[in-house]
Structure formats: C-alpha cells, structure tokens
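Visitor: could you work out the structure for the sequence below:
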Amino acid sequence: MQKLIVECDHPFLEITGMPGTGKTYCLILKMVRVFIELWQLHKEQNHKEKELIVVYNRNERTIRFIKKMFQRLVENQMSRIDDKKEIQKFIIFVGGQNCQDIDTGENFVVHQYDTRTRFNIFFDDVNWDHFGLFYGERPAKEMAYAILRSNFCWYTSYRTMIIIMNQYRPKEIRVYQVHLTDSLRYPGSIHAVLNRSTNYVSDWWEEYVYLRGRSPIMVNSNFYGIDAILRHPSSIQATRAANIVYSAMMFRRSLERQEIQPIMVQNIVPLCSSQYERIFNTTRIPGLETDKIVHLPDSTHIAVFCNGKFWKVTLYHKGRLMKPAELEIVFQKILDDTSAPEKGEEKLAALTAGERTTWARARQQFFSKGMNKISLDAIEKAAFFLSFDDEDYNYDPKDHSKLDHYGRVFLHGKGYDRWFDKSFTICIGKNGKIGFNAEHSWADAAVVAHLWEFVLSEDVIVLGYKSDGHCIGIPEFDPPSASKLRWELPDECIQVIEKSNKVAQALLNDVDLRLYVHDGYGKGLMKKFRVSPDAYIQMALQLAYYRDAGKFNLTYEASMTRLFKEGRTETVRPCTIESCAWVKAMENPHSSSKERFDLLRVACQVHQRGYQDAMCGKGIDRHLFCLYVITKYLEVDSPFLKEVLSEPWRLSTSQTPHGQTNKLDLNRHPDCISAGGGFGPVADDGYGVSYIVAGENLIFFHISAKKSSPETDSDRFARQIERALSDMRTIFEEKEK
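Guide: Model prediction:
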C-alpha cells in the first residue's frame, strides 16, 4: 500500500477578513501574483512534467473571489492568448465544506478529519487529461479529492493553502508554505519555498514607494545622522574610524547572538525587530523597472572610499575581529596612500546618486563581468560602507552655517563620495567628526538611530581613547593591509558616470538645509505643562508654517507601526480642525490667553490620540495606499483614491527617537547625545523637518527645502519655529500665573 506523503507546516497565506475588506483584497492579490509567477517560471524552464496547482479555502465566497481576480489578472498581465488558456488548465479552485463524502480508494492512505464533510469543487475549467494518472492508475481528479479530504485541510475559516501535484513524482504530493516579504526565490524548480507576507502593507510599501522609484535616491530618499556635536573625543581620523567600525561590528555581533533587547512600549509591549535583520550586509541593487534589496547572511569585510579610491578592508584575522588599535593601522595606511585613482574611479559612486535606470543599464553593460564585477561585488557584499572625507566638520553656536554644512555633508556629500545603495555609509571627517547616510527602503530611521546610539555610546563610554587621541590597546599582530579595488572603465562608461554626476550635482546644489538648535527649553518644560512633547512640537510647526506660508497645508508625520509584525510606518495628520482653530486664535489679536491655552490643550490631545491610533493600526493612509495599488492591478479607476494620494505633503515631519539603548546614561554623559538627523524635502515647494528632543532643555531641528522654490526658505522657517516656541511658552506661563 502506498502512503500519501504530505509536507505542510501551515497554510501559505492567511486571510483574516471577509472578502470586501481592503486587507483581504491585498492578501488575495499577492497570492494570485504568485500563481502567475509560478506558471511563467514553469514555462521558462521548459519542465517536461505537468503539474497541477490546487487552491483551497474553506469559505466559498472567498474562493469564488480568488478565482475571479485570478482570471482578471491573467487577462491583464499575460499577453499571449495561448498562455492565458494554458495557465487556467493547470490551476483549480476549491472551496466550501458541505458536499458528499469521497471514496479515497485502497491505493493510498488518507487521514480524514470529518467523515461528514463535503467539498464544493469548481472544476469547470480543468482538462484532467493534462495530468495523466496518479497512484496506481487513480485519476488526478480523485487525487485532488483525496488530498483535500486529508487531515492537513483542517484549518480555521478564511485560510488558504496551495498544493502542487507532479505527474512524475506520484509518491509525493507537496504543500508549500509561501513567503512574500522578500524577492521570490526559485532554486531551479517550480517546487520552491517562496516568501510569506505577514503584513499586508509592508512589502507593497517597500516595493512601490521605494524600489520602483526611478528618480535619484540621494536627497530624495536617503536620510542622514550626525555626531554628538557637543563632544569631540578624538581629532585623529583613522583612530575615530577604528573605534566606530569596531563599535558597529559589536552591534552586529550582539544582533547575531540575539543580545539586543527589543524596544519596549512603556516597558511592557515589545516592538517588532524584523527590520534589524537587514542593517548589515545589505545593498539596494538597481533594476530597469524596479530595484531589489539583496541581503547576505554574513560579510567579513567593509568597503572604504578615500581620496577617490576604493578599498576592501577585511575585518577578521585568523577568525578574530580585529581590535580598534589594529584597525587604526589599516585605516592609516589607506589615508597615507598617495597613488592616483584609476581613470573614472573618483566619481564612480555618482552612479548610485543619479537616475536609477541609468545606473541599472550601466551596471549590466560595464559591471557584469571581469575585474569590474569583482570590485563591485566587494562593495555590494560588504558589511557596510566607510568614507574618509577630506575636510573638517565643526559646530559653532555663534555661526549656524557651519552646522548647516555639517548636515549637508552627510545628506549628500559631494555626490560621488558615498555609496548611496548600501544600507548605510559611515562618514569620517578629517578632524574625526562623524556621521552617516542611510538608504531608506530596507528600514526606517528609528532602526538606524538605534545602531547609531549604540555606536556613539560604545565609542566614548566603553572603548574610549588615550590622552593623545589614539585607540586604547596594543596591536597583537601586524594587521593585513587593505586591498585596493581595480577598475577597467571604458570611455563610454565614464560618460555615463559624468551624466549621473551632473544629475547629482544639480540635485545637491538645490538643497537648502538649516540645522536649528533650540536651547531655550526642551521636554522638561513641556512635561511641566503636562503636554506630550511630540504634540507640543507639532503644534509649533503648524503655527510656524502658517506664519511662513500664510495658509494651512497637508502635513505628514511618520508614526511607527512596529506593534505589528513587520510593521513600518503610518501617517499622522497634524493639520487638524483643532490645530487650525488654535493657530487662528494665535494670529487673532482679540483672542484671550485663556482661549489660546484651551485651544492648544485640545489640539495637543487630538494630535496625541491620532498618533496613538496610527501606532495601533487605526490609521487611514496605508490602507488607502493598498487599495490604490489594487485599483492599478485591476485597472479600475478610482477618482477618490487618485485625488487623495496625489495631494502633496508640503510639510513632512518626523521625530528621531533616542534612549533606545541602556548603554547611554544622559544624566552622566549629557554631551553624548546625537544631534539627530534629517532628510530632503518631500515636495518641491515644501519643507522636510526632522527633530530630536535631545534633553530637558535642548531640541535639534533639521529643516530642508529647495533653493529653486520661491515659496520656501529654511532659515526663515527656522526663525518662525523659534518664534512659535517662544509664544507657546508665554501662553503656558501666563496660565500658571
């Protein structure tokens, strides 16, 4: 007697809502896309064996909807009529639980969970002759019945599974768990374990908001962070780099050993940590139509850019991570190297700063083989990227232009001295001041901020420096020198590099960045007034923007949704009816202090409630985004979604968190707090504002705009923020009297 072999952990896609809800539509659509990709792969690989895909769901309404959507997608996405007909012969849809019993026969064993259960099976489009015979001349149709009667079909309602039967492997009927979070992986056969989506928003958000964008990611997508500007532990460039690189690798080691404590909400609820997986060994690879994120399980080296040349630095020697004193020697040798860059090498990284399609074509044409491919692999497969800059970075409280330049260096640099595709690039100034530039598609700023906070605290508090500024410790061996990467760049490639560099230069020269340090008061006074610091600052931004522009505008604030698995962000809309009423009262000379105070209190409460709702999955913008994606797939026109999602965010804001690691005690080391970071403007005629509440009496604002816009001026907006914060303090102080 032959035994039916079933491999199944759980259904490949869980549909938790009834058809008609946005979440269900999103999940089903992703599942249908997998069907089509399975079929296309099957056809490309010219499989001789014929396979049958059975889709099962306990709810008849759900399975009918899946089938209808599948047929519509086949019509829209498959060009050849023969393919459209052929694919529908190989996929059947099964639903329901109220049909008569099926005799499974004697040639195989099936464990039945309920002898009274019956199935409604929609076989009208299936030509069973395509599938030959299974199990001792048992026809395929009876096999399908038998599989669906077996015990692994016993799941709660609204769950779906996929079953793949193969004519030439009659002893194995496989049920596959399908993942959808990463790019699909097919190891040479249609029998593959794909990637499963446990969040109906995140993978579409990553793909359509980030990876499908064809404009430059420098300024438009990447974000930056800067050093603790109140502290300067070492002015030796190689020394600071050694400590920072070692600290970053210690963070990676802690991640691998699962020693990093998850971020807790009110020390009770942990946030999802899935984004941490791709901090290291990750690169964004350009494509003609869409990019992809490639993450490696491990990498033992970093890529370095210095004086127009690229280097590969191995961080391990005889199985041990090199210590800071040893890394300092390696980095100093790189800095001391006087050889000239190879032809076209100096501005090579401008390819990552220009148009994505241009970079994708150049990568295919010039970097797909030979020496160029080896060198490019060394960069893309590195743990992260390190850039030695050739200028000093300083902070002068009396000259904000120095701090403004400080921020611009890390936002875009020269346009060709950062590898913008890497998950993050650490930048070391000539005087030892540091910062980073991070690619945005793989994770959100809070994750990189956690890494950065760890690195800064490890650098100063744990590792430290000698009195002469060098790394503590004595090298135990003569560390191996770095390997210089070699390039063979033809004139045609250099022309493409120059083209991308022109795009990058035009973009970075249009950036208007202002870093405003507010030291009049901080969260200490806000807590005294019993107001959420975030709501307080958002109201200040509303007042500042109204005074700057003379009108209200759509405002974006990012809220994390990491209370949910694989959650990323949701939109909070600070420009509310209540905030507008308060702003108008502030501009009305006839409004009393009490009226302004009461309206501000209400506006802050409404904002805080909206922020909490967004964190808890009650926001509207990501839901509308997914519905919009579905309308595009189904070629359904939705004027409402089109209008809502096309409105520009002329004020885009985000708060940088701190206090994510227990290593840094700001009471003992108040000068170790990072000044936060920022991002470029989202709208051509708008502002991008990032802020960090750095202490009881300190707030950093990173304000970006475009010089080409006559409506915006970052310095002017900074003065309006200063004025708004002063006026709000007056309101509360008058109330206290």
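
Visitor: from residue 468, how far off is the nearest residue to residue 419 once chain neighbours are set aside?
Guide: Of all residues not flanking residue 419 in the chain, residue 385 sits nearest, at 4.4 Å (C-beta to C-beta, 6 or more residues apart in numbering). Every residue, glycine included, has its C-beta placed from N, CA and C. According to C-beta to C-beta, to the nearest Å, residue 385 and residue 468 sit 29 Å apart.

Visitor: the more surrounded of the two?
Guide: With neighbours defined as other C-beta atoms under 10 Å, residue 385 and residue 468 compare such that residue 385 has more, 27 against 8.

Visitor: so what sits opposite the more buried one in the bridge?
Guide: residue 303, residue 425 (DSSP bridges).

Visitor: what's the model's confidence in whichever strand or helix holds residue 524, averaged?
Guide: Assigned by DSSP states H and E, residue 524 falls within helix 523-528. Here helix 523-528 scores 86 as its mean pLDDT.

Visitor: next SSE after that helix?
Guide: Helix 523-528 is succeeded, C-terminally, by helix 533-549 (DSSP H and E).

Visitor: pLDDT weak spots in the stretch 101-250 of the chain?
Guide: Applying pLDDT under 70 to the stretch 101-250 of the chain picks out residues 101-197.

Visitor: does residue 705 lie in a helix or a strand, and which?
Guide: Using DSSP H and E, residue 705 maps to strand 698-706.

Visitor: where does this structure dip in pLDDT?
Guide: In the chain (pLDDT under 70), the answer is 1-67, 69-70, 73-197, 666, 737.

Visitor: export the host helix or strand of residue 725 to CSV, keeping only CA atoms.
Guide: Here residue 725 sits within helix 714-736, counting by DSSP H and E. C-alpha atoms of helix 714-736 as CSV (Å, rounded to 0.1, in the frame of the first residue of the first chain):
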residue,chain,number,x,y,z
SER,A,714,14.8,77.1,5.5
ASP,A,715,16.4,79.9,7.5
ARG,A,716,13.2,81.9,7.5
PHE,A,717,11.2,78.8,8.7
ALA,A,718,13.7,78.2,11.5
ARG,A,719,13.1,81.7,12.8
GLN,A,720,9.3,81.0,12.6
ILE,A,721,9.8,77.9,14.7
GLU,A,722,11.9,79.8,17.3
ARG,A,723,9.1,82.4,17.4
ALA,A,724,6.3,79.8,17.7
LEU,A,725,8.1,78.0,20.6
SER,A,726,8.6,81.3,22.4
ASP,A,727,4.9,82.3,22.0
MET,A,728,3.7,78.9,23.2
ARG,A,729,5.9,79.2,26.3
THR,A,730,4.3,82.5,27.0
ILE,A,731,0.8,81.0,26.8
PHE,A,732,1.6,78.4,29.5
GLU,A,733,3.5,80.8,31.7
GLU,A,734,0.6,83.2,31.7
LYS,A,735,-1.8,80.3,32.6
GLU,A,736,0.5,79.4,35.6
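
Visitor: and it, what other elements does it pack with?
Guide: strand 511-518, helix 533-549, helix 593-615, strand 687-695, strand 698-706 (3 or more C-beta pairs under 8 Å, 6 or more residues apart in numbering; DSSP states H and E).

Visitor: output the ones you listed in CSV; the columns should cover distance to residue 329 and mean neighbour count.
Guide: Converted to CSV, the helices and strands packed on helix 714-736 look like this (distance: least, C-beta to C-beta, whole Å; neighbours: other C-beta atoms under 10 Å):
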stretch, distance to residue 329, mean neighbour count
strand 511-518, 35, 22
helix 533-549, 45, 24
helix 593-615, 47, 18
strand 687-695, 35, 25
strand 698-706, 35, 25
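
Visitor: which one of those lies closest to residue 265?
Guide: Proximity to residue 265 (C-beta to C-beta) singles out helix 593-615 among the helices and strands packed on helix 714-736, at 8.2 Å.

Visitor: and the next helix or strand past the closest one?
Guide: Immediately after helix 593-615, counting by DSSP H and E, sits helix 621-634.

Visitor: centre of the chain to the helix holding residue 725, how far?
Guide: The chain centroid and the centroid of helix 714-736 are separated by 34 Å under C-alpha atoms, centre = their mean, to the nearest Å.

Visitor: before we move on, the earlier item: out of the helices and strands packed on helix 714-736, nearest to residue 252?
Guide: Using C-beta to C-beta, these put strand 687-695 closest to residue 252, at 24.3 Å.

Visitor: what strands flank that closest one, and is each parallel or antiparallel?
Guide: Neighbouring strands of strand 687-695 in its sheet, by DSSP bridges, are strand 651-655 (parallel), strand 698-706 (antiparallel).

Visitor: nearest to residue 539, out of these?
Guide: strand 651-655 (11.6 Å).

Visitor: CA atoms only for that closest one, dumped as PDB, please.
Guide: Presented in PDB, the C-alpha positions along strand 651-655 are these (Å, rounded to 0.1, in the frame of the first residue of the first chain):
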ATOM      1  CA  LEU A 651       5.200  69.900   5.400                       C
ATOM      2  CA  SER A 652       6.700  66.500   6.000                       C
ATOM      3  CA  THR A 653       7.900  65.800   9.600                       C
ATOM      4  CA  SER A 654       9.500  63.100  11.700                       C
ATOM      5  CA  GLN A 655      10.800  62.700  15.200                       C
END
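
Visitor: relative to helix 714-736, how tilted is it?
Guide: Taking axes from the mean of the first three to the mean of the last three C-alpha atoms, to 10 degrees, one finds strand 651-655 and helix 714-736 inclined to each other by 60 degrees.

Visitor: what sits up against strand 651-655?
Guide: With contacts defined as C-beta atoms under 8 Å, 6 or more residues apart in numbering, strand 651-655 is touched by 445, 534, 537-538, 541, 545, 553-558, 574-575, 679, 681-683, 686-693.

Visitor: now the helices and strands packed on helix 714-736 in TSV, with distance to residue 401?
Guide: Shown next, in TSV, are the helices and strands packed on helix 714-736 (distance: least, C-beta to C-beta, whole Å):
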stretch	distance to residue 401
strand 511-518	9
helix 533-549	20
helix 593-615	33
strand 687-695	19
strand 698-706	14
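
Visitor: between these, which gets nearest to residue 730?
Guide: Of all those, it is helix 593-615 that lies closest to residue 730, at 8.3 Å by C-beta to C-beta.

Visitor: picking that back up, with distance to residue 378 as added columns, please give the strands paired with strand 687-695 in a markdown table.
Guide: Converted to a markdown table, these look like this (distance: least, C-beta to C-beta, whole Å):
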| stretch | distance to residue 378 |
| --- | --- |
| strand 651-655 | 34 |
| strand 698-706 | 33 |
